[in-house]
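Colleague: Predicted model and sequence below, questions to follow.
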Amino acid sequence: LLPGVKTQTHILHLGTEGEILPHLDNVDASGSCIIGVSLGSSRILRMQRADDPLMFFDVLLPSGSVYLQR
C-alpha cells in the first residue's frame, strides 16, 4: 500500500483553525498517493465530485488515524 522510494513528498501542517479549501490534486506534481495523518484532534475529510459539488461525503478522521488514497 505504501508509495515507492521515488515518491515526491509534500507536508502540510494545519493549525487548530486551519483548513484546506476544495481543490483537485495534480498527480503530475504531487504523485499518485495521498496520505493524511490526523494528530491532536479529530478532523473531517470531505470528498466531493469535481463535476457536481452537491455530491459529497464526509469522513471523520479520529486523532491518531491515517488516510491513504492511491
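Modeller: Cool, the structure landed.

Colleague: In terms of pLDDT, where does residue 55 sit?
Modeller: Reported pLDDT at residue 55 in the predicted model: 94.

Colleague: so what's it closest to, chain neighbours aside?
Modeller: In space, and not counting its chain neighbours, residue 55 is closest to residue 49: 4.4 Å by C-beta to C-beta, 6 or more residues apart in numbering. Every residue, glycine included, has its C-beta placed from N, CA and C.

Colleague: thinking the one you found is in contact with residue 57, fair?
Modeller: No: between residue 49 and residue 57 there is no contact under C-beta atoms under 8 Å: 9.9 Å.

Colleague: circling back: phi and psi next, for the residue nearest to residue 55.
Modeller: Torsion angles at residue 49 (phi, psi; degrees, to the nearest 10) stand at phi -70, psi 140.

Colleague: which ones are touching the nearest residue to residue 68 once chain neighbours are set aside?
Modeller: Among residues not flanking residue 68 along the chain, residue 35 sits closest, at 5.3 Å (C-beta to C-beta, 6+ apart). Residue 35 sits next to 66-69 when contact means C-beta atoms under 8 Å, 6 or more residues apart in numbering.
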